[in-house]
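Student: Here is a sequence with its predicted model. Questions after.
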Protein chains: 2
Amino acid sequence: MTEQRRRRPGRRPGSLDTRGEIITAARGVFAEKGFDKATVRGIAREANVDPALVHHYFDTKEGLFVAAMQFPVEPSVAVPMILAGPREEMGERLIRFILTVASDEDRRAPIIAMIRSAMSNEQAATMVREFLGEAVLQRLAQGLGIDPIRIEAAFGQMIGVVMLRYIVKIEPIASATPDELVALLAPTLQRYVDP
Amino acid sequence: MTEQRRRRPGRRPGSLDTRGEIITAARGVFAEKGFDKATVRGIAREANVDPALVHHYFDTKEGLFVAAMQFPVEPSVAVPMILAGPREEMGERLIRFILTVASDEDRRAPIIAMIRSAMSNEQAATMVREFLGEAVLQRLAQGLGIDPIRIEAAFGQMIGVVMLRYIVKIEPIASATPDELVALLAPTLQRYVDP
């Protein structure tokens, strides 16, 4: 019976485990070394698999991080999407994108978990800092041709509002409509991203 | 020896314990009921002391909360201080005040602890929401005659930047000088507090 299952074409129970084992290994290595110093090779070694298999499943180290942390945004997709479109509507695009992600509890939960970890220990803070910096903020700053500190100020505005709206749940910001928040916040974000 | 100590005028070892017992009781009651529903009477009952003694030590329920949470800012002092002075310099005063508090590790630690608690459980979030709303944000909004959502947006900007600078420690915002941060952020805050 077991032998039969193994032979059935298209069913590879081992593959699911392998993917899971890579993810488990990746969580350990990212937590220990941070995003910069972790390598696909080192994670593959930890998971007892060939590095090629890691690339097969997750493409890049960044893709593996996104999967391991259940990060709800794929920066290699999201950043170009935000950069596309009129520059003068960038502030509005940014806030609408963040509100779309944050309003979905399943996508919000892993972000909150990451922030909480970063607030609790230095290793998690390093991991968040390096990933966020390389995968998101530097790319946005380069794409816009502005000083990274301006993207950080914009990002600070957005995470602060997400915390007050969805975690502290203080009124009136917790019940404001997306359009009200766009009117309130888009000009701030636009000022930061303007050259 | 012990008797002598008790009788020595001006030394009241019992008082220190009583204050500590009130604080311990207050932490429990605030955590359980939130800031709104907690009462000085209820906390006094929990600590087995007369409510007058609670007022003697901590003046108001807000003062007791500030002491119990080791909150590094006394809103009844800080809010009038921020509201005083030229309206057109309000944005700069706000960001300089927050940076002064946050740059001192001893004052920053209890704020971080409160945010972390609020992110971890609903009861702590309720406590933070009610205290922050009543003691800080509503007073600022009323003093300025603006919609509270605008103070919340300003506050969101400031806590987001504090997190990126002092917890995530991402560059360049982590090493920026206070003057650079004022130039970057004061116009945003000023826009929110302008009527």
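Tutor: Structure's in. What do you need?

Student: Now the closest residue to residue A:158 other than its chain neighbours. Its backbone dihedrals?
Tutor: The shortest distance from residue A:158 to any non-neighbouring residue, by C-beta to C-beta, 6 or more residues apart in numbering or on different chains, is to residue A:98 (4.7 Å). Heads up, the C-betas are built off the backbone N, CA and C, glycines and all. Per-residue torsions, residue A:98: phi -60, psi -40 (degrees, to the nearest 10).

Student: Count the residues that sit near residue A:98.
Tutor: By other C-beta atoms under 10 Å in any protein chain shown, 23 other residues sit near residue A:98.

Student: is it true that it touches residue A:162?
Tutor: Yes. Residue A:98 lies in contact with residue A:162 (C-beta atoms under 8 Å); the separation is 6.6 Å.

Student: Does residue A:192 touch residue A:151 like I think?
Tutor: Yes. Contact status for residue A:192 versus residue A:151: in contact at 7.0 Å, counting by C-beta under 8 Å.

Student: Could you tell me the average pLDDT over stretch A:50-63, please?
Tutor: Throughout stretch A:50-63, pLDDT has a mean value of 94.

Student: Quick one: end-to-end length of that stretch, please.
Tutor: 17 Å (C-alpha to C-alpha, to the nearest Å).

Student: try stretch A:121-137
Tutor: By C-alpha to C-alpha, one end of stretch A:121-137 lies 22 Å from the other end.

Student: For it, which residues meet the burial criterion?
Tutor: A:124-137 (16 or more other C-beta atoms under 10 Å in any protein chain shown).

Student: same thing with stretch A:41-60?
Tutor: Quick answer for stretch A:41-60 (16+ other C-beta under 10 Å): A:42, A:43, A:44, A:46, A:47, A:49, A:54, A:57, A:58.

Student: Inside helices: which ones of those residues?
Tutor: Of the buried residues of stretch A:41-60, the ones assigned to helices by DSSP state H are A:42, A:43, A:44, A:46, A:47, A:54, A:57, A:58.

Student: Kindly provide the whole-number mean pLDDT of the helix or strand that contains residue A:100.
Tutor: Taking DSSP states H and E as the criterion, residue A:100 maps to helix A:90-102. The predicted model assigns helix A:90-102 a mean pLDDT of 96.

Student: Contacts for that helix, please.
Tutor: Applying C-beta atoms under 8 Å, 6 or more residues apart in numbering or on different chains, the contact partners of helix A:90-102 are A:72-73, A:78, A:81-82, A:85, A:107-108, A:111, A:144, A:154, A:158, A:162, A:165-166, A:178, A:181-182, A:185-193.

Student: filter these to the buried ones?
Tutor: For the contacts of helix A:90-102, buried by 16+ other C-beta under 10 Å: A:72-73, A:78, A:82, A:108, A:111, A:144, A:154, A:158, A:162, A:165-166, A:181-182, A:185-186, A:188-193.

Student: now residue A:72, what's its secondary structure?
Tutor: Applying DSSP: H, G, I helix; E, B strand; the rest coil to residue A:72 yields a three-state assignment of coil.

Student: Okay, it and residue A:158: tell me how far apart.
Tutor: 14 Å (C-beta to C-beta, to the nearest Å).

Student: Equivalent analysis for residue A:93, please.
Tutor: From residue A:93 to residue A:158 the distance is 12 Å (C-beta to C-beta).

Student: ditto for residue A:31
Tutor: Counting by C-beta to C-beta, the gap from residue A:31 to residue A:158 is 25 Å.

Student: what's the answer for residue A:100, then?
Tutor: 12 Å.

Student: So which of the buried ones among the contacts of helix A:90-102 are in helices?
Tutor: Those of the buried ones among the contacts of helix A:90-102 lying in helices (DSSP H): A:78, A:82, A:108, A:111, A:144, A:154, A:158, A:162, A:181-182, A:185-186, A:188-193.

Student: By mean pLDDT, point me to the weakest helix or strand of chain A.
Tutor: Sorting the helices and strands of chain A by mean pLDDT, DSSP states H and E puts helix A:2-7 at the bottom, at a mean of 44.

Student: Return the set of buried residues in the helix or strand just after it.
Tutor: Next helix or strand after helix A:2-7 toward the C-terminus (DSSP H and E): helix A:13-37. Residues of helix A:13-37 classed as buried: A:18-19, A:22-23, A:25-27, A:29-31, A:33-35 (neighbour count, 16+ other C-beta under 10 Å).

Student: And for helix A:13-37, what's in contact with it?
Tutor: Against helix A:13-37 from outside (C-beta under 8 Å, 6+ apart): A:5-6, A:38, A:42-44, A:46-49, A:53-54, A:57-58, A:61, A:64-65, A:67-69, A:123-124, A:126-127, A:130-131, A:134.

Student: give me that answer again for 7 Å
Tutor: When contacts are defined by C-beta atoms under 7 Å, 6 or more residues apart in numbering or on different chains, helix A:13-37 is touched by residues A:38, A:42-43, A:46-47, A:49, A:53-54, A:57, A:64-65, A:67-68, A:123-124, A:126-127, A:130-131.

Student: near chain B, which of the residues you listed show up?
Tutor: Filtering the contacts of helix A:13-37 for proximity to chain B by C-beta under 7 Å from any C-beta of the partner chain leaves nothing.

Student: just to revisit the earlier point, among the buried residues of stretch A:41-60, which pair sits farthest apart?
Tutor: Greatest spacing in the buried residues of stretch A:41-60, by C-beta to C-beta: A:42 and A:57 (15.9 Å).

Student: how about low-confidence regions in chain A?
Tutor: A:1-16 (pLDDT under 70).

Student: Point out the residues in it that sit beside chain B.
Tutor: A:112, A:115-116, A:118-120, A:125, A:128-129, A:132-133, A:148-149, A:152-153, A:155-161, A:163-164, A:167-170, A:172-173, A:176, A:184-185, A:188, A:191.

Student: Buried ones among the residues you listed?
Tutor: Members of those classed as buried by 16+ other C-beta under 10 Å are A:112, A:115-116, A:118-119, A:125, A:128-129, A:132-133, A:148-149, A:152-153, A:155-161, A:163-164, A:167-170, A:173, A:176, A:184-185, A:188, A:191.
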